[in-house]
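Student: predicted model follows, preceded by the sequence.
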Amino acid sequence: MTGRPSYDPGAIEPKWQDEWEAEGVFRAVEQDDGRPRFYNLQMFPYPSGDMHMGHAEAFGISEAIGLFKRIQGFNVLNPIGWDGFGLPAENAAIQRGIHPKEWTYANIDQQRSTLRRYGCAFDWDRQFNTCDPDYYRWTQWLFVKLFERGLAYRKLAPANWCPKDQTVLANEQVVNGLCERCGTPVVRKDLTQWFFRITEYADRLLDDMEELTGWSDRVLTQQRNWIGRSHGAEVDFVIEETGDPVTVFTTRPDTLWGVTFFVFAPEHPLVTALAERGGTAGAVKDLQDRLQRAPLTSRDQAASREGLPLGVHAVNPVNGERVPCWVAPYVLMEYGTGAVMGVPAHDQRDFEFAREHGLDIRVVIRPEGVGTDPADMTAAWSHEGVMVNSGPFDGTPSPESIARVTEWLADEDLGRTAVSYRLRDWLISRQRYWGAPIPIIHCPSCGEVPVPEGDLPVLLPDDVDFSPQGESPLAKNEAFVNVTCPRCGGAARRETDTMDTFVDSSWYFLRFTGKTDDAPFSSEEVAKWMPVDQYTGGIEHAILHLLYSRFFIKVLFDAGMVSFTEPFTNLLNQGMVINEGAALSKSRGNVVEPLPLIERFGADSIRVTMLFAGPVEDDVDWATVSAAGAHKWLSRLWRLTFDAAAAGVAGSGSGGGAREGAAAATALERSVHRTRRGVTMDDERFRFNVAIAKLMTLTNELGKALEAGATGGAVRDAAETLVQMVAPFAPHIAEELWRGPLGYRESVFHSQWPGWDEDLAREDEVVLVVQVDGRVRDRITVPAGATEDECRDRALASDRVRAHLDGREVDRVIVRAPKLVSIVTRG
RNA sequence: GUCGGAGUGGCGGAACUAGGUAGACGCGCUAGGUUGAGGGCCUAGUGGGCUUCAUCGCCCGUGGGGGUUCAAAUCCCCCCUCCGACACCA
């Protein structure tokens, strides 16, 4: 046991990182080699700085999955790239005078080097970065595809505008209604901007979720709510004074007889004209202006029940009643038709509005046993009941009343069934520099002309002044803007908006399967690898990134470019890394840097610490875990593997402890098989904390067996099993031990995952628990094969059990051989 | 408010899929050993209470209450708390 080197991760880890790359151990094999393929993907990082603790956690998990699959014999694709475009780069440019490109590429270099030091098993050859012209050329190409399919269009939409900086702000740049940079109150400004028609896919995005059995309910529910499909009816009202038809959407057509007022959203196109007709133009304009001045993010004013009468009336088609029209911010222009019927008795918002403004309340759904005097009501009744005061429908009970009224509306031509969505079209325009330019040319005679494929990419010019003093920084670059129309050759102007970075990340996983120069991705490689077998990433992307990627795949499916409709078969959302209960943040001063930890304990110990801390979906509180503990275990594994390698070739035991050693070896053999079974099953379900616990147990047992003098095959098997099974969690130490003391030439990642013998994995002796009246009274060791009768006899013969049975009559005995006997007494 | 998830030792967590020894594994702590000291390492102990010289043993215990069952952390009902998402969606 002398001459054993000490465990020095600082030396072995970089050594194997170099060696793996030289040998191409983690390269995916493109040629079919008979192994099943496994596309293991981790959401690619955004290079806003160096790798942080969240990366260490997320990559630790996806590494464990990928490496486990690799040793199990899968041909694993495990790529890495960077989501290089985005606002922080531009802010850094403004604040520190560095070009966004320089800042971004420097961060990528740093992240790459830290990820290498972490020992990630990436196929580095496939890496790319979305701000490379090589990549965004295809983002632009895909934009053109969407444009050609009628899925990209322009319309007027409000944006956050800082009047001092003269620039558009993203929502996250608006803090408490003020510009993040200069503190000026932010206003809304209407700009003509580009959208993707994702709403056209709302039903498919919703319905195809049935296929996503490998996604958590948590994410599916969030997506479902985000799409927000609700079924109801459209009903046609008419403005009495002007004859304007106005349609409303409602999920409760059964409450139509309870309408006592009518409300428009302030932005509704009819409002100005109606206010003039009603003689309320001045006050209404003030309200509209005030809302116009508020930033998009601040919706607080809408939480009030404020509103103004318009001075005109709407006619209820079901009974011809005229009700007053109002305008109120609680009605949203973006949802439904931008106008609602007011049913205060049965809608809480309408109820509060009616109380605020003294409007009538009329009950038309009578709940059983609940008072129906409007004056006594403290809240709207939005539940079931029976229709009253509703003309021909009186007495109709409320679940089916909705369908019956809707049918009647259609028959009478007063309305129709309708579906409404919460989902909006995807606004992809950014009046920003550091993104992929939208490849459109605006021609005075031809209109919106897409840049021809041969002219792509539309390169982002380097010489741009990004100091904020106008519209998009690109708009000031004359050389960029002034072009000729590709269709008619006349003078034209280039679009100066860039694309939302979510566009870049909606298709990157396709290009990882194989880059080509004449298409965004290789159809052949996509057919081989897609959909992604396992996608790992943060829950913060539960909605947008995942929804947009699903949308893109459906569009590409419709375009005949891919043959599947969902991009990610299985999705795993890992928890966050926090410290002392709070998210890591510089201002809080609780940031944990991964690199110093890697240098101190080794990448393997950090990975094990993260994985052992708890279930992968749970947050890891760094303050409650110990990298020293993981390091201690790996050191112990190191020592024991050297000792076991020596004892493993020593043949059967010798000396005075021979018999004891042989017994220990037999027990160890059973442990080995049990561990193989248990860890394999835990790994399959990503229960890595439990798998590691089992490996620790086997480590302890190997230590005891060696102590007892065990030698030979069982000892060797235990050490090999430990090394192979620890490899997905701690690849470096595993490789060093595999090729070092265990003497293999080939990588442990090319070894065969150990199988098990069910007979050996079973315990040969088990503890039989004996209960009397539900309480455990004795534990008896019995052979694993003990029969029901044997168990019953042994249990009834037990002195302890008999003491408890003293004087009582046995009613019945339940036997679950060989683990449990339950004796029930009478009385 | 709606939807989703979760409450187990001093701490992170096992056991929940299929009801059958609650607390695996680790951290921390305590004691002992090793060491010039410290650290490291090794060994043992570690849910609470009662009883005992010590054993043996008994009782309680998985957020609270009720239920089903020979048997409940696990299944059913009610309640409480915490976390997350959306939040005037008509």
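Tutor: Sure, I can see it.
Student: from A:Y201, how far off is the residue nearest the centre of chain A?
Tutor: Nearest to the geometric centre of chain A sits A:A542, at 3.2 Å (CA atoms, centre = their mean). Distance, A:A542 to A:Y201, by CB to CB, to the nearest Å: 18 Å. C-betas here are computed from N, CA, C, even on glycine.
Student: A:L146 too?
Tutor: Distance, A:L146 to A:Y201, by CB to CB: 11 Å.
Student: and if you look at A:V748?
Tutor: 45 Å.
Student: what residues are shared contacts of A:L146 and A:Y201?
Tutor: A:V555 (CB atoms under 8 Å, 6 or more residues apart in numbering).
Student: and the residue nearest to the centre of chain A, what does it touch?
Tutor: A:A542 neighbours (CB under 8 Å, 6+ apart): A:R218, A:V219, A:Q222, A:Q223, A:N573.
Student: pLDDT at the first one, what is it?
Tutor: We note a pLDDT of 83 for A:R218 in this prediction.
Student: do A:E334 as well
Tutor: 85.
Student: try A:F74
Tutor: Reading off the model, A:F74 has pLDDT 95.
Student: report pLDDT for the closest residue to it other than its chain neighbours.
Tutor: Spatial nearest neighbour of A:F74, chain neighbours left out: A:F38 (4.0 Å); criterion: CB to CB, 6 or more residues apart in numbering. According to the prediction, A:F38 has pLDDT 96.
Student: count of neighbours near A:F38?
Tutor: Other residues near A:F38 come to 22 when the count uses other CB atoms under 10 Å.
Student: and it, what does it touch?
Tutor: Here A:F38 is in contact with A:G66, A:K69, A:F74, A:N75, A:V76, A:L77, A:D533, A:Q534 (CB under 8 Å, 6+ apart).
Student: give me that answer again for 10 Å
Tutor: For A:F38, the contact set (CB atoms under 10 Å, 6 or more residues apart in numbering) comprises A:28, A:65-66, A:68-70, A:72-78, A:529, A:532-534.
Student: from RNA strand B, how far off is it?
Tutor: Distance of A:F38 to RNA strand B, computed by CB to the nearest atom of the strand, to the nearest Å: 22 Å.
Student: checking my notes, that residue in a strand, right?
Tutor: Yes: counting by DSSP: H, G, I helix; E, B strand; the rest coil, A:F38 falls inside a strand.
Student: beta-bridge partners for it, please?
Tutor: A:F38 has the following beta-bridge partners by DSSP bridges: A:V76.
Student: what does A:F195 give?
Tutor: A:Y153, A:L427.
Student: what does the stretch 51-200 of chain A put close to RNA strand B?
Tutor: Residues of the stretch 51-200 of chain A lying close to RNA strand B (CB under 7 Å from any atom of the strand): none.
Student: can you give me the helices in the stretch 51-200 of chain A?
Tutor: Counting by DSSP state H, counting those that start in this stretch, the stretch 51-200 of chain A has helices at residues A:53-71, A:87-96, A:100-117, A:133-148.
Student: what of the stretch 401-550 of chain A?
Tutor: Taking DSSP H, counting those that start in this stretch as the criterion, the stretch 401-550 of chain A carries its helices at A:478-481, A:501-504, A:508-511, A:523-529, A:544-558.
Student: again, but for the stretch 701-827 of chain A
Tutor: A:713-726, A:731-739, A:758-761, A:788-797, A:799-805.
Student: for RNA strand B, which of those is the nearest?
Tutor: helix A:799-805 (5.7 Å; CB to the nearest atom of the strand).
Student: which residues are contacting the closest one?
Tutor: Helix A:799-805 has contacts (CB under 10 Å, 6+ apart) with A:770-773, A:775, A:777-780, A:794-796, A:798, A:821, A:823, A:825.
Student: can we see that at 6 Å?
Tutor: A:V770, A:V772, A:R777, A:D778 (CB atoms under 6 Å, 6 or more residues apart in numbering).
Student: still on that earlier bit, next step: the contacts of A:A542 restricted to strands.
Tutor: Among the contacts of A:A542, the ones falling in strands (DSSP state E) are A:N573.
Student: and the contacts of A:A542 near RNA strand B, which?
Tutor: A:R218, A:Q222.
Student: distance to A:W622 and neighbour count for the contacts of A:A542 - can I get that in CSV?
Tutor: Shown next, in CSV, are the contacts of A:A542 (distance: CB to CB, whole Å; neighbours: other CB atoms under 10 Å):
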residue, distance to A:W622, neighbour count
A:R218, 24, 12
A:V219, 25, 19
A:Q222, 27, 16
A:Q223, 31, 21
A:N573, 19, 21
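Student: which of the contacts of A:A542 sits closest to A:D806?
Tutor: Of all the contacts of A:A542, A:D806 sits closest to A:R218, with 54.6 Å by CB to CB.
Student: return the residues of the stretch 351-500 of chain A in contact with RNA strand B.
Tutor: So far as CB under 7 Å from any atom of the strand goes, the stretch 351-500 of chain A lies against RNA strand B at A:S420, A:R422.
Student: please see if the lengthiest helix in chain A touches RNA strand B.
Tutor: Criterion DSSP state H: the longest helix present in chain A is helix A:658-684. No: Helix A:658-684 stays out of contact with RNA strand B when judged by CB under 7 Å from any atom of the strand, the minimum separation being 7.6 Å.
Student: that helix packs against which elements?
Tutor: helix A:688-707, helix A:713-726, helix A:758-761 (3 or more CB pairs under 6 Å, 6 or more residues apart in numbering; DSSP states H and E).
Student: mind doing that once more with 10 Å?
Tutor: Where contact means 3 or more CB pairs under 10 Å, 6 or more residues apart in numbering; DSSP states H and E, helix A:658-684 is packed against helix A:53-71, helix A:627-648, helix A:688-707, helix A:713-726, helix A:758-761.
Student: looking at that helix now, give me its mean pLDDT.
Tutor: For helix A:658-684, the per-residue pLDDT averages 88.
Student: could you do stretch A:112-131 as well?
Tutor: In this model, stretch A:112-131 has a mean pLDDT of 94.
Student: ends of it, how far apart?
Tutor: By CA to CA, to the nearest Å, the extent of stretch A:112-131 from end to end equals 16 Å.
Student: any low-confidence regions in the stretch 451-600 of chain A?
Tutor: The stretch 451-600 of chain A contains residues with pLDDT under 70 at A:467-471.
Student: wait, doesn't A:E211 sit right on A:T569?
Tutor: Yes: using CB atoms under 10 Å, A:E211 is in contact with A:T569, at 8.9 Å.
Student: who are the contact partners of the residue in the stretch 401-550 of chain A positioned nearest to RNA strand B?
Tutor: The nearest approach of the stretch 401-550 of chain A to RNA strand B comes at A:R422, 3.5 Å away (CB to the nearest atom of the strand). Contacts for A:R422 (CB under 10 Å, 6+ apart) come out as A:A202, A:N225, A:W226, A:I227, A:G228, A:R229, A:S230, A:E334, A:Y335.
Student: count of neighbours near the third one?
Tutor: Residues near A:W226, counting by other CB under 10 Å, number 17.
Student: now stretch A:16-35: how far from the chain's centre is it?
Tutor: Using CA atoms, centre = their mean, to the nearest Å, the distance from the centre of stretch A:16-35 to the centre of the chain it belongs to is 29 Å.
Student: that concludes my questions; thank you for your assistance.
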